[in-house]
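Trainee: Give me a model of this one.
(one chain, ligands or ions: 1)
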Amino acid sequence: MNIYTMGSHYLSNINSSHNHFIVIHKNIVTVFFTLLVSLAWAQADKMIKLKLITEKESFRTMVKSDSLMAMIELKSLIPEAQYDLRYASSKNFTGQRLYPKNTHTTYLRRKPALALAKVAEDLKEKGLCIKIWDAYRPYRTTVRFWELIHDERFVANPSKGSGHNRGTAVDLTLIDLKTGKELDMPTPFDDFSAAAFHGAKNIDDRKTRNRELLRTTMEKYGFLPLETEWWHYSWPGSSAYDVLDLSFKALGSKID
Ligand SMILES: [Zn+2]
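Mentor: Here you go, the predicted model:
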């Protein structure tokens, strides 16, 4: 090997290791993208395959094997509370009635229902009670909201299902036990302005105190607040509960 062939041998070595590097690099990129695409696909698939309970019988079977899954009718549990289910009338942000006309009560799963009863009991000592605007919401209503509004800032994306669909979320306010009148709050129900945020500024002191009283009482019994809606509270670990698409009538029959 003379000096020239030695040089070309050296160069061809560099070229081959360089090519080798490109091939490895390409392989890594291909593997990475394949992984990314399959992950996104799996995620999309998971979202499409949201487990829905639509049959009364399969729900009964679930409750039989786990009593925590039971949906508790709130009016029998907390008769002193007011039930003004806004989606059973057109008095809501969609301007349409979405529940059957005479829906006057609603449901929560066993644990949040019992916790809410404790909230009402606690408030009683202060001469107050709760008014419920919504709790369990059949999945079909969330789909309807999405068709009407189609904006995740205001309504839940049906691909995920909401706490309301799982019977673990409640929308409520405080009332005076004697007069039945609502306490002043920063905004009306389903007002999607910044004034509805827990951190809202420039809110009247009295309204802030009322909002805070609702929050501290709900938190005391285990509920979690939602930063953007002062009236919405949810029960932790709601993903353990399936999304239900059972009508109020279907739930109305004795379940447990
Ligand atoms: Zn809500």
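Trainee: Can you tell me the SS state at the residue in the stretch 151-256 of the chain positioned nearest to the ion?
Mentor: Residue nearest to the ion within the stretch 151-256 of the chain: His232 (3.6 Å; CB to the ion). Yep, even glycine has a C-beta here, placed from its N, CA and C like the rest. Look at His232: counting by DSSP: H, G, I helix; E, B strand; the rest coil, its state is strand.
Trainee: Wait, it touches Ala169, no?
Mentor: Yes: between His232 and Ala169 there is a contact at 6.5 Å, judged by CB atoms under 8 Å.
Trainee: got the contact list for the residue of the stretch 151-256 of the chain closest to the ion?
Mentor: Ala169, Val170, Asp171, Pro225, Leu226 (CB atoms under 8 Å, 6 or more residues apart in numbering).
Trainee: can you do 10 Å?
Mentor: Applying CB atoms under 10 Å, 6 or more residues apart in numbering, we find His232 in contact with 133-134, 163-164, 169-172, 189-190, 196, 223-226.
Trainee: With Lys51 instead?
Mentor: Gly161, Asp242, Val243.
Trainee: Looks to me like Tyr87 is in a helix.
Mentor: Yes: assessed by three-state DSSP, Tyr87 belongs to a helix.
Trainee: From the ion, how far out is Leu114?
Mentor: 19 Å (CB to the ion, to the nearest Å).
Trainee: Around the ion, which positions in the stretch 101-250 of the chain sit nearby?
Mentor: The stretch 101-250 of the chain comes close to the ion at residues Asp171, His232, as judged by CB under 5 Å from the ion.
Trainee: One more pass at 8 Å, please.
Mentor: 134, 162-164, 169-171, 226, 229, 231-234 (CB under 8 Å from the ion).
Trainee: Most widely separated two among those?
Mentor: Ser162 and Trp231 (14.6 Å; CB to CB).
Trainee: Which one's more surrounded, these two?
Mentor: Trp231 (24 against 20; other CB atoms under 10 Å).
Trainee: The more buried one contacts Phe192, correct?
Mentor: No: between Trp231 and Phe192 there is no contact under CB atoms under 10 Å: 11.5 Å.
Trainee: domains for the protein, by residue range?
Mentor: Following automatic domain parsing, one gets these domains for the chain: 1-49, 52-252.
Trainee: tell me the most buried of the ones you listed?
Mentor: Comparing these by mean neighbour count (mean count of other CB atoms under 10 Å), domain 52-252 ranks first with a mean of 17.
Trainee: Now name the helix or strand holding the spatially closest residue to Leu50 that is not a sequence neighbour.
Mentor: Once flanking residues are discounted, Leu50 sits nearest to Gly161: 5.5 Å by CB to CB, 6 or more residues apart in numbering. Element membership of Gly161, judged by DSSP states H and E, is empty: it is in no helix or strand.
Trainee: what residues are up against Gly161?
Mentor: Per CB under 10 Å, 6+ apart, neighbours of Gly161: 47, 50-52, 139, 142, 238-239, 241-245.
Trainee: ok, back up a step: which neighbours do His232 and Ala169 have in common?
Mentor: In contact with both His232 and Ala169: Asp134, Gly163, Phe223, Leu224, Leu226, using CB under 10 Å, 6+ apart.
Trainee: per-residue confidence for the last one?
Mentor: With respect to pLDDT, Leu226 scores 97.
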